[in-house]
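In: Sequence plus predicted model, see below.
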Amino acid sequence: MEPVFKEQKEAGVGVVIRDYFGNFIVGLSKKFQYPLGAIEIEAKAFESSLEFAKDMGIRDFVLEGDSHNVVHALSGNSHAVSTIAALIYGMQVTSFEFQNVLFSHVRRNSNRPAHQLAKTCFRHLWFSIWIEESPCFLVQALLHDVSIAFNY
């Protein structure tokens, strides 16, 4: 997810890693120098997610995002646009370092927790990490997301 902070010439991404039951494990918010186009920011969000999962020792996961183009390119179902082709290739190579990685597209409204983390970049330094305990501003979005996923 990628809020763009035009005045600061920065863009932010948010990463939420949860277990199979939807429980929060870790979260990340990270800034990038702007200007990047929307597709480039989405690709950087996926790259940040892969790097973060690797750093946290997570080996088996589903990487969700709301960009059809990036998900389909990472899955090998389509070619990446030229501006992100090298980034996609690098992520595909990196994904072989994991036990199992699936790339999945979700609707933007199903990506709310990551979007909220991305917004926090505006108030923080270049990156922030939350481990085991989700930040208070994220609790409601996580509960909503889990209730939709499990049809509660």
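Out: Okay, I see it.
In: Okay, strands next: where are they in this protein?
Out: Using DSSP state E, the strands of the chain run over 4-5, 10-18, 24-33, 60-65, 100-105, 127-131.
In: mind listing what Ala53 touches?
Out: For Ala53, the contact set (CB atoms under 8 Å, 6 or more residues apart in numbering) comprises Ile17, Phe61, Leu63, Phe98. C-beta coordinates here come from the backbone N, C-alpha and C atoms, glycine included.
In: Can you tell me which of the residues you listed is nearest Pro113?
Out: Relative to Pro113, the closest of the contacts of Ala53 is Ile17; by CB to CB it sits at 10.4 Å.
In: What is the neighbour count of Trp126?
Out: 11 (other CB atoms under 10 Å).
In: ranking the strands of the chain by burial, who's on top?
Out: Highest mean neighbour count among the strands of the chain (mean count of other CB atoms under 10 Å): strand 10-18, with a mean of 24.
In: For that strand, give me every contacting residue.
Out: For strand 10-18, the external contacting residues (CB under 8 Å, 6+ apart) are 1-5, 24-34, 36, 41, 44-45, 48-49, 52-53, 56, 58, 61, 113-122, 138, 142.
In: coming back round to it: rank the strands of the chain by pLDDT, which is bottom?
Out: Mean pLDDT is lowest for strand 4-5 among those, at a mean of 56.
In: Take the contacts of Ala53 and lay them out in a markdown table including distance to Asn69.
Out: Shown next, in a markdown table, are these (distance: CB to CB, whole Å):
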| residue | distance to Asn69 |
| --- | --- |
| Ile17 | 23 |
| Phe61 | 21 |
| Leu63 | 15 |
| Phe98 | 22 |
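In: quick revisit: mind putting the strands of the chain into TSV with distance to Val93?
Out: Shown next, in TSV, are the strands of the chain (distance: least, CB to CB, whole Å):
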stretch	distance to Val93
strand 4-5	28
strand 10-18	20
strand 24-33	21
strand 60-65	15
strand 100-105	12
strand 127-131	23
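In: so where's the longest helix in the chain?
Out: Counting by DSSP state H, the longest helix found in the chain is helix 38-55.
In: List the buried residues of it.
Out: Using 16 or more other CB atoms under 10 Å as the test for burial, helix 38-55 gives 39-50, 52-53.
In: Thank you, goodbye.
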